[in-house]
Every structure is written in structure tokens, then in C-alpha cells.
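Undergrad: I need the structure of the sequence given here:
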Amino acid sequence: MSHSLTQDGIDHVVLERGKTANAWRTERWDSLRLLTPNWMSRLPGHQYRGTDPDGYMTAAEVGDYLEAYKASFGAPVHHETAVERVTPSDRGFTIDTSGGAVNSAAVVIATGACGTPHIPAVAADFPAATRHLSPIHYRNPDQVDGPVLVVGASASGAQIADELARAGRDVTLAVSNHVRLPRRYRGMDIHWWLEKTGMLDEHIGDVEDPIKARRSPSLQLVGSPDSRDLGLNELQASGVRMAGRLAGVTDTHVQFSGSLANAMRSADLKQNRFLDRCDEHAAATGLDREIGEIHRPEPTVVPEAPLVTGANSFATVIWATGFRPQYPYLPDHLLDRKGALPHVGGVTAEPGLFILGMNFGTRRNSSFIDGVGRDAVELAASVTTHVGNRQGPTVAPVAAR
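TA: Here you go, the predicted model:
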């Protein structure tokens, strides 16, 4: 957004609670890598120019990449500046921060889709001695002693369960609806296929159920140097015990749903439908002559899964159960009953208030590094139009009283 506003000649500041790429540097586990290949890290006026375009950047490398992007156009970032309150007024907004207040004609919230981990209420029902971790607090297997329950089998849960099992930990994975895809198909990265088939470019207005689309789980993938698969078959081969969705906790038992087999078969069905789409695209465009042969992943093995286990069976629970938005600095009347900020393509009902980087904000890849840039260019046009229709400076410090 800052790059796009700079291109449009709009005076602005970027308020950052920590340092540039704060979450990538302080809220990621040690072995984390991007799920998208490096060549997909495309931003307005910036792209990957390293020696490993088909690899996957580490979290630290993503931090360096964003730092270089900031420097490339002199983004006006104010570090260690936490936003405390945003107050709409007839003149725009007053933004109270830890470093003082500013007046602004417009505000763009660009905190992204992965801010606050969602810990379900059932966590409080586990025995008091149970340790609870979210993905932003997990770092490596040395933190985890004793049997561990990982709740959630999307990208974060699958990767953490795999890492813990490979380190010799006793791991149970609670599985509900998930999206299974191979890391590579017919010799090409699965994100290459998602782009080529137009899946990533799907617009929110073209999907049947936008709410469901925005809640779709992340892909069961890992950005490993060897481009290996990471589905439930691979996890079982690593020693991870499968269970159904976590259904409840009593004084004596942890209860799991009996839906595991259905969730596995549904994921296999959806995977094969997408791979059919890939094959149809390859045939229609002549790619069949340039890529590998058709080879489908084996069906997911459905194991015997526990429906109940003892309440004290797990020393640690890792909650890979997604994120929920939190905007404590916004007035309550701007938020819906779940605390989210309603918007259409990043434009909210409050004139001059915009939001960027949310799941399926406008397109399926709106929260990807590769997709947020196009959304930013389009949304910046709305910001520019809004501030161009107003009198006075776009952004300025509040005068001392």
C-alpha cells in the first residue's frame, strides 16, 4: 500500500508496532518457510532476484525481503509505534499512538489475516497442568515434553505435528475439514498449477459462498528444500496418531468426533477434482508435451482412531485452529458481532477507512505476498480518490495543546 500511495503522490505514514516484518521475525517457529515458491513473491515494483526461484524462503529471509522492499522506495515507516485508538471525525481520523497522535484523511488497516490466534473455549476444560501453545508461540520441539495434542490439520498444524514426530515426540493430531494437495504435480509446484488454472485469480464475487470461501483452510503443504508432500499419509508414516475433530473435554476424558474417515475421503475427492482441472488445462493448452506424466497421490489411509482418551493424556496442546481479527483500536460500531471489520473489496462503510491483506479480500490470493500487491494497487486508487476530494493535508501530527 505504501508503494502504491507513493506512486500516486499521496503523503502518508506507515505505523508499525515493532520493526519491519515484525511478525515474520518474532512470531514464527524456527523451521518455518513460505508455502509459495520464491518466484511467486511478487510485489508492486519488487520481485525475487535470488538464486533459488523454486525454493521457499525462511521466515528470516522473508523479513529481509520486506526490509529490502521498504528501502527500495523509502517507505515512511515509523517503528515501535503502536496504534491505540482510531477516531473518525468530520475531518477524517485522529490516530492515537504510543508515539503521539496524528490526523489523517484516510486510514488503511494492513495488519493482515494472521494476527491473533484463535484458542477455542474448550481449552479451559483441559486439566490445569496442561500447557497450551499457539503457532505464534511455538518455536521448536525443545519446548514440548510428554505427549502432545495438535488441534488442526491445515498447514501450521500439519507442519508442527510432523516436526514434533520427527523429533521423537508422541503426537496426536485432531483432524477436521482440510485441503489436501501434493507439493508438486506432474513436475510443477502446486502453486504453479493454482495460478495457471486461474484458481488464485478467482474473484470473491464469483464464488457461490463468499463466507465459506474466506474460511477455507490453508493447504496441507510444507515449503521444504526437498519439495516433499505433507498430507495425512506422510504424517502417519512419521508416527503421528490420527484422531477426529476435538469434540469436548470432561473431567475424565478428551472426546473426538467420529468424522475422521469422512474428512479424509472428502479431502481426497476435492484434491482429485482439482488435479482433473489441472489435467484438462494441460490438454487444452498443449502443456501435456512439456510436463510430467499423470501420477495421482495414493488415497489417504483411514486408521483406527480413538473417540475418547484420558483427560490427562496430553502434557501439551498446540492450537493450530486459525486466527481471528482483533481491532481494539476501532470503535465498536464499525465491527460486526464477531469483531471483524466488514468490507467490500477492502472498502468499509466508514468513509476513508480501508482494509488490506485479508483472506479472499478480493481474490483467492489476497492474503498471499503474491496477491496482496494487486489488491493494494486497486485499493490505493480508492484511497487516492477519497483524499483528493478533501481539503487540507492528507496526514499531519496533531498540534500540541
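
Undergrad: ranges for the helices of the stretch 201-350 of the chain?
TA: 210-214, 232-237, 260-285 (DSSP state H, counting those that start in this stretch).

Undergrad: quick one: which of those is nearest Gln47?
TA: Closest to Gln47 of those, according to CB to CB: helix 260-285, at 24.3 Å. To be clear about C-beta, it is placed using only N, CA and C from the backbone, and glycine gets the same treatment.

Undergrad: For that closest one, name the packing helices and strands.
TA: helix 190-196 (3 or more CB pairs under 8 Å, 6 or more residues apart in numbering; DSSP states H and E).

Undergrad: hmm, try it at 7 Å
TA: When contacts are defined as 3 or more CB pairs under 7 Å, 6 or more residues apart in numbering; DSSP states H and E, helix 260-285 packs onto no helix or strand at all.

Undergrad: taking the mean pLDDT, what do you get for it?
TA: In this model, helix 260-285 has a mean pLDDT of 98.

Undergrad: List the buried residues in it.
TA: Neighbour counts over helix 260-285 (16 or more other CB atoms under 10 Å) mark Leu260, Ala263, Met264, Ala267, Asp268, Gln271, Phe274, Leu275, Arg277, Cys278, Asp279, Ala282 as buried.

Undergrad: Roughly how far does the fifth one sit from His386?
TA: By that I understand Asp268. Distance of Asp268 to His386, given as CB to CB, to the nearest Å: 47 Å.

Undergrad: Could you do the fourth one as well?
TA: Ala267 sits 43 Å away from His386, taking CB to CB as the criterion.

Undergrad: Check the first one too.
TA: Using CB to CB, one obtains 49 Å as the distance from Leu260 to His386.

Undergrad: How many residues are close by Asp209?
TA: Using other CB atoms under 10 Å, Asp209 is surrounded by 9 other residues.

Undergrad: Same check on Trp29?
TA: Neighbours around Trp29, by other CB under 10 Å: 19.

Undergrad: helix, strand or coil for it?
TA: coil (DSSP: H, G, I helix; E, B strand; the rest coil).

Undergrad: now the one 10 residues further on
TA: Reduced to three states with three-state DSSP, the structure at Trp39 is helix.

Undergrad: Kindly report the same for the one 10 residues further on.
TA: Secondary structure of Arg49, reduced to three states by three-state DSSP: coil.

Undergrad: Now for it, how many residues are close by?
TA: 8.

Undergrad: List phi and psi for Asn103.
TA: Per-residue torsions, Asn103: phi -100, psi 140 (degrees, to the nearest 10).

Undergrad: Any idea what it is bridged to?
TA: Thr94, Ala396 (DSSP bridges).

Undergrad: Ok, the one 5 residues further on next?
TA: In this structure, Val108 has beta-bridge partners Phe354, where bridges are defined by DSSP bridges.

Undergrad: Quick one: low-confidence residue ranges for the stretch 251-400 of the chain.
TA: Low-confidence segments of the stretch 251-400 of the chain (pLDDT under 70): 390-393, 398-400.

Undergrad: okay, the closest residue to Gln326 other than its chain neighbours: pLDDT?
TA: Leaving aside its chain neighbours, Gln326 sits nearest to Thr116 (4.5 Å; criterion: CB to CB, 6 or more residues apart in numbering). Each residue has a pLDDT score; the one for Thr116 is 90.

Undergrad: and the gap between Thr116 and Met40?
TA: 26 Å.

Undergrad: Which one's more surrounded, the two?
TA: Legend: neighbour count by other CB under 10 Å for Thr116 and Met40, higher for Met40 (23 against 15).

Undergrad: I figured the more buried one was touching His191, is that so?
TA: Yes - counting by CB atoms under 7 Å, Met40 touches His191, with 5.9 Å between them.

Undergrad: Verify the stated contact: the residue nearest to Gln326 with Tyr327.
TA: No - assessed by CB under 7 Å, Thr116 is found out of contact with Tyr327, at 9.9 Å.

Undergrad: Ignoring the adjacent residues along the chain, who's closest to the residue nearest the centre of the chain?
TA: Nearest to the mean C-alpha position of the chain, by CA atoms, centre = their mean, lies Cys114 at 5.3 Å. Distance criterion CB to CB, 6+ apart; nearest residue to Cys114, sequence neighbours excluded, is Phe323 at 4.8 Å.

Undergrad: and if you look at Phe126?
TA: Val249 (5.6 Å).

Undergrad: residues touching the one you found, list them.
TA: Counting by CB atoms under 7 Å, 6 or more residues apart in numbering, Val249 touches Val122, Asp125, Phe126, Ala311.

Undergrad: Phe73 now?
TA: By CB under 7 Å, 6+ apart, the neighbours of Phe73 are His3, Thr6, Gly45.

Undergrad: per-residue confidence for the first one?
TA: The reference is to His3. For His3, the model assigns a pLDDT of 98.

Undergrad: In a strand, it, correct?
TA: No - assessed with three-state DSSP, His3 is helix; it does not lie in a strand.

Undergrad: All set now, cheers.
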